[in-house]
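Visitor: below are the sequence and a predicted model for it; my questions follow.
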2 protein chains.
Amino acid sequence: MKFELTKELLTRIEDAVDAQDTQFFQDEVCPLHSADIAEIIDEVNLEQAQFIYRQLDKERAAEVLVELEEDVRDEFLKSLSDDEIAFQVERMDSDDAADFIQDLPEDRKDEILSNLEDVEHSSDIASLLSYDEDTAGGLMAKEFICANINWTVGEALANLREQAQEINYVYTIYTVDDHNRLMGTLSLKTFLYSDNDTKIKDLYADDPISVNAATDDREVARIMEKYDLVAIPVVNHSNVLIGRITIDDVVDVIKEDAERERQLATGVSEKIESRDSIWVITRARLPWLLIGMMGGVFGALVIGRFEGQLDRFPELAFFIPLIAAMGGNIGVQSSSLIVQGLANNTLKFDSTLQKILKEVGVALVNGAVLSSLIFIYNFAFGENYSLCFTVSVALFAVIILAGILGSLVPLLLHRYKIDPALATGPFITTLNDILGLLLYFMIGYAFY
Amino acid sequence: MKFELTKELLTRIEDAVDAQDTQFFQDEVCPLHSADIAEIIDEVNLEQAQFIYRQLDKERAAEVLVELEEDVRDEFLKSLSDDEIAFQVERMDSDDAADFIQDLPEDRKDEILSNLEDVEHSSDIASLLSYDEDTAGGLMAKEFICANINWTVGEALANLREQAQEINYVYTIYTVDDHNRLMGTLSLKTFLYSDNDTKIKDLYADDPISVNAATDDREVARIMEKYDLVAIPVVNHSNVLIGRITIDDVVDVIKEDAERERQLATGVSEKIESRDSIWVITRARLPWLLIGMMGGVFGALVIGRFEGQLDRFPELAFFIPLIAAMGGNIGVQSSSLIVQGLANNTLKFDSTLQKILKEVGVALVNGAVLSSLIFIYNFAFGENYSLCFTVSVALFAVIILAGILGSLVPLLLHRYKIDPALATGPFITTLNDILGLLLYFMIGYAFY
């Protein structure tokens, strides 16, 4: 079974929609995995999506809705009645359901939740909606399997059979005390191969790695990665078990985080994709370009200050792009390394001074190599000594300065609880451009 | 249980090593999770690591070795004898074992594998070592649970009890026919709640999403993400089940992939961390800086060509940094968006022309806004008309050109099976710097 949505298949599907060919959908589309059907709906227009949606049986429809891309789903939701949404939400896991209705207006959310037949499910979803999206509470589901440590294996088995009906996939059995406080975990294996009269107390492993509902989602990802967990229990401040997070939700957090850092490094301010509208893409890119342009204007002011010098020695202008570009490149390299180190927590035993000194070390090596090369180049092409020295000394100075700023700025932002990734990309490039030019002309002033 | 490796704890541990205080390790370190012990060993020197390693009981030691960081582990491996390594490898899952000895010289690998008591384990590891690291075969483990579809539940239960002893965590039961061909999956839940006489044939779901051993690891990640899988079966070309991949290994693939793209975008050519040595960091960064510097030299040549013009109108020099910076910024933004779209496969239904036209659309909007702003600025500060027009028209042209190149270059690389991420970062910035300068002076030539 290998599904691939080709251009041909998409055309056939669109034709079938136009022809209202329900038979085609029963034969070809409905048997597909819900993630594949969602992929199809992501690609067609709203009207076509509604037709396809109506061909699905009700159980399937809920699964497909959960798999849709966020923007497609939010668009689609607008076309559904509260009753219809409530009907689907009833069939979803609590975490999927909460994500699903999250972006609806408050009154619609309340209306939908009050329409649910399963009151417990409704209150589970309501409680999930109360957590911040970027915390463990915002990621967790209320569906999990737990056993009281005072039960016997036999009692637990009967009880779990009950619980398991609501759950598609059993990851781990959590063990709790009489107050529902998390005590440990029980592997299915141990559970299955134990005598019916054995007490859970004597079987469970009391090493639960858990997170608090308020834990940051990236911290959850870090913990699950470190300990290779497929699921992690979530507790409240009294250590009462209130939910569990599965690895598939955490994979999304990891991906989004990496994506976000890359966007900031390349000068994009919000989550966009190449297939978003021109307007959305422009809105995300223009602010960084404005920063870059303001940098360019400052650069013009700096050069303007040295106009007299430039009049007499116009060859100084030749190397303006080189100095500006190198400052920018070095700054992005070093800030990106620092941001990565902060994110992976590999820098915690170094003081700020140690980190900066390391970067200065790298800059000294790079600076020595590059300044020598450009000196040889300029000398070989018969430029005057003043220019040879100015360019090489300025390049060396710019490389050191850009290295220091590139590491210092993200470290400072981090210390003041501002996202250090903001310092990568256009911001640091622009800063280094201007300072590089200033250095260049000041050194030029000294040598001429 | 919340472990955090603080500077204080690390100092206490190092002191205990110096004092050969074995009691401290029995009380404080050995009870920790193996991932935590590995984190400690990652931070100390080789001699200290060896002392800590010797304090661990044998079962623990294998777990800790698997959790070490790759460079620390490879260093540590050199200090172990073949017998010692074989002893530990015996205790590891086949995929961890293969990763563990992967980087050793061929003769040591052979020696270790021939030293293993468990011949089947040894041949499992040898077969895993034969796969390319970046394929499903390189990721998979040979440990999985499978049931023949012709068995009854009772037969399967007895058989699985046997199989499960070797496996720490049961994800899914795979069902196979008499030729070990993958037929489907069986959820533990269905299995547990079925009658002993029921045939597996009548229970299993025949929807196995599987990958081939030769499938690219990023494709494996994409499939597991799309279908929210915690484990995926791996088959050979005859659809015979040969292994399974678990999500924790795929999380590493996803992270490394994101990291690699970010490094290329910020001008770093190999996997480095801020705590690597100055030499390693320099080696990874210098090549990109050389590209940047060559760009600067070309820039100098371009400006040199227009020296006469610059002599007469030195104010043209003021806006060199602005033009160069904007070309670079736009180029990085658009190439990064295209690379992201190619990686996420969201662009497959657009033709190259459509993608470029989209980017031109964005560039037109950005260009109009930014060119107008800079015109107003220059006009307000009383610059002459020629300069006002030159800067604005050149900026507009550069923004369009940089947008086109920024999308075209990664698309071309992708078409010729070269990693499009190479086109982000310093390469595209440098290219756009030079072309931007050329445009600027040519337009200046026209207006003056």
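Guide: Structure received.
Visitor: quick one: mean pLDDT for the helix or strand hosting A:Ala284?
Guide: When secondary structure is defined using DSSP states H and E, the element that contains A:Ala284 is helix A:278-305. Model confidence over helix A:278-305, given as mean pLDDT, is 89.
Visitor: which residues touch A:Gln102?
Guide: For A:Gln102, the contacting residues are A:Leu129, A:Glu133, taking Cβ atoms under 8 Å, 6 or more residues apart in numbering or on different chains as the criterion. Where C-beta positions appear, they are placed from N, C-alpha and C, glycine not excepted.
Visitor: hmm, try it at 10 Å
Guide: For A:Gln102, the set of contacting residues under the criterion of Cβ atoms under 10 Å, 6 or more residues apart in numbering or on different chains consists of A:Glu70, A:Asp74, A:Lys109, A:Ile125, A:Leu128, A:Leu129, A:Glu133, A:Gly138.
Visitor: list only those of the residues you listed flagged as buried.
Guide: Judged by neighbour count, with 16 or more other Cβ atoms under 10 Å in any protein chain shown as the criterion, the buried members of these are A:Lys109, A:Ile125, A:Leu128, A:Leu129, A:Gly138.
Visitor: now the helices for the stretch 51-200 of chain A?
Guide: Along the stretch 51-200 of chain A, counting by DSSP state H, counting those that start in this stretch, helices occupy A:58-67, A:70-78, A:82-89, A:94-101, A:106-115, A:119-129, A:136-139, A:153-164, A:188-192.
Visitor: worst average pLDDT in those helices?
Guide: The bottom spot among the helices of the stretch 51-200 of chain A, by mean pLDDT, belongs to helix A:188-192, with a mean of 73.
Visitor: re earlier: and the next element down the chain from the helix holding A:Ala284?
Guide: Per DSSP H and E, helix A:278-305 leads on to helix A:307-312 as the next helix or strand towards the C-terminus.
Visitor: list the buried residues for that following helix?
Guide: The neighbour-count criterion (16+ other Cβ under 10 Å) identifies A:Gln309, A:Leu310 as the buried residues of helix A:307-312.
Visitor: so which of the helices of the stretch 51-200 of chain A comes closest to A:Tyr377?
Guide: Nearest of the helices of the stretch 51-200 of chain A to A:Tyr377, taken as Cβ to Cβ: helix A:70-78 at 51.0 Å.
Visitor: what packs against that closest one?
Guide: For helix A:70-78, the helices and strands in contact under the criterion 3 or more Cβ pairs under 10 Å, 6 or more residues apart in numbering or on different chains; DSSP states H and E are helix A:34-43, helix A:46-55, helix A:58-67, helix A:82-89, helix A:94-101.
Visitor: report the buried residues of that helix.
Guide: Of the residues in helix A:70-78, A:Val72, A:Arg73, A:Phe76, A:Leu77 count as buried by neighbour count, 16+ other Cβ under 10 Å.
Visitor: look at the residue lying closest to the first one once chain neighbours are set aside and say how many residues are nearby.
Guide: Which is A:Val72. Distances taken as Cβ to Cβ, 6 or more residues apart in numbering or on different chains put A:Asp42 closest to A:Val72, at 5.1 Å, once the chain neighbours are dropped. A count of nearby residues for A:Asp42, using other Cβ atoms under 10 Å in any protein chain shown, gives 16.
Visitor: same question for the one 10 residues further on.
Guide: Here the count is done by other Cβ under 10 Å, and A:Ile52 has 19 residues near it.
Visitor: quick check: it touching A:Ala16?
Guide: Yes: the pair A:Ile52 and A:Ala16 qualifies as a contact (Cβ atoms under 10 Å) at a distance of 9.2 Å.
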